[in-house]
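Chemist: Show me the folded form of this:
(chains A and B)
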Amino acid sequence: MRFKPKFRWLPTPYRSVLLFVVWLLLNQSVEAVHVFFGILLALVIPLLTLRFRDPQPLIERPMLALRYILRVFGDIITANAQVAVLILGPKQRLNPAFVRVPLDLQHELPITILASTVSMTPGTVSAEIYPCVEQLSEGEVLPQRWLLIHVLNLKDEAQLIAEIKQRYEAPLKEIFQC
Amino acid sequence: MQNWIEWAVAFFLLLGGSFVLIGSIGLTRMPDFFMRLHGPTKATTLGMGGILLGSIFFFSLSGGVSVHELLITIFLLITAPISAHMLIKTALHHKLKAINKTKGLDNVQPAQSKQHSRKPLP
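Modeler: Numbering: from 1, shown residues only, chains lettered A, B, ... in the order given. Below is the predicted model of the structure:
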């Protein structure tokens, strides 16, 4: 994991790009004025807000991150279709369950992204992360953490855990190099 | 406006509308809170996506480009999992009952094992 940015005046490069794109989308134009203001805001806002945040790991593999986003988009569409079928189908046949997924990730940001992804993808909603960091005393080593998820229709627990780990957690580990 | 654009707009609006409807049906039909949460978090995302796509098509062809609907999609995608997470966390904290056939209930730990020291009110 890398926390130090390459340039001090550009602490979070991809967030700057995102801000720039959002600014252009809000204005719906690529005129010189808006481009200029977009660049200005994209440079100034991260610098101003840098001190409000804990240091966060930087994205090391942007192409992989893009692929991850596209994959999640695809999964959202299949997830919607699957959940729609489950909702309209007979409800006696559903097998809801709570499942614990052991996490290899340690930092908050990748875990947050993983939990959000799990919430958006087929039949699972992430519920809780154990143990809470707030419950640990100062300086204590982080133990193995778990992600508690609620599954709408559980078929095979081991397969589900393996799929989450291989499909979503492995690329996140690559992206943040941790 | 050409004919096929109208078809596309109608298709996306219907698709989005039906997914939002299915999400809402899920909200009433499922037996317990945890299962009810699945409908609104997922089916609604695609539903809104469909409606916004219809909006992009419609306004792009009746004069000028209209792409800031994309922003709504992005914000929706960011906020939906967060709100679902907050809701389910609160439900666990209040120890809401899940239906009996729910498996793995022993995986749920009490949300706070450590008691907060709270000052008595004066």
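
Chemist: State the phi and psi torsions of A:Gln28.
Modeler: The phi/psi pair for A:Gln28 (degrees, to the nearest 10) reads phi 60, psi 40.

Chemist: Residue numbers of chain A in contact with chain B?
Modeler: A:22, A:25-26, A:28, A:76-77, A:79-80, A:83-84, A:86-88, A:91, A:94-100, A:115-117, A:119-120, A:123, A:125-128, A:130, A:132, A:135, A:148, A:150, A:152, A:154, A:157 (C-beta under 8 Å from any C-beta of the partner chain). C-beta: built from backbone N, CA, C; applies to glycine.

Chemist: In strands only, show me the residues you listed.
Modeler: Residues of the residues of chain A next to chain B located in strands (DSSP state E): A:97-100, A:125-128, A:130, A:148, A:150.

Chemist: quick one: which of those has the most company?
Modeler: With neighbours set by other C-beta atoms under 10 Å in any protein chain shown, the maximum within those is found at A:His150, which has 31 neighbours.

Chemist: Hmm, that one is touching B:Leu37, no?
Modeler: Yes: at 7.5 Å, A:His150 counts as touching B:Leu37 under the criterion of C-beta atoms under 8 Å.

Chemist: what is in contact with the two at once?
Modeler: A:125, B:88 (C-beta atoms under 8 Å, 6 or more residues apart in numbering or on different chains).

Chemist: Which helix or strand contains A:Ile69?
Modeler: helix A:62-88 (DSSP states H and E).

Chemist: Which residue ranges make up the domains of chain A?
Modeler: A:13-52, A:62-176 (automatic domain parsing).

Chemist: tell me how far the last one is from the chain's mean position?
Modeler: Which is domain A:62-176. Distance, stretch centre to chain centre, for domain A:62-176: 10 Å (C-alpha atoms, centre = their mean, to the nearest Å).

Chemist: go on, the shortest one?
Modeler: Taking C-alpha atoms, centre = their mean, one finds domain A:13-52 lying 22 Å from the centre of the chain it belongs to.

Chemist: Give me the distance between the two termini of it.
Modeler: The first and final residues of domain A:13-52 sit 17 Å from each other (C-alpha to C-alpha, to the nearest Å).

Chemist: For the strand or helix carrying B:Ala8, give the mean pLDDT please.
Modeler: Using DSSP H and E, B:Ala8 falls within helix B:3-29. In this model, helix B:3-29 has a mean pLDDT of 88.

Chemist: What of stretch B:57-64?
Modeler: pLDDT averaged over stretch B:57-64 gives 78.

Chemist: Which positions within that stretch qualify as buried?
Modeler: By 16 or more other C-beta atoms under 10 Å in any protein chain shown, the buried positions in stretch B:57-64 come out as B:57-59, B:61.

Chemist: what do you get for stretch B:13-22?
Modeler: Applying 16+ other C-beta under 10 Å to stretch B:13-22 flags B:13, B:15-16, B:19-20, B:22 as buried.

Chemist: what residues does it touch?
Modeler: Residues beyond stretch B:13-22 that count as contacts (C-beta under 8 Å, 6+ apart) turn out to be A:80, A:84, A:87-88, B:39, B:43-44, B:46-54.

Chemist: I'd like to know which helix or strand in chain A has the lowest mean pLDDT.
Modeler: Sorting the helices and strands of chain A by mean pLDDT, DSSP states H and E puts strand A:124-130 at the bottom, at a mean of 82.
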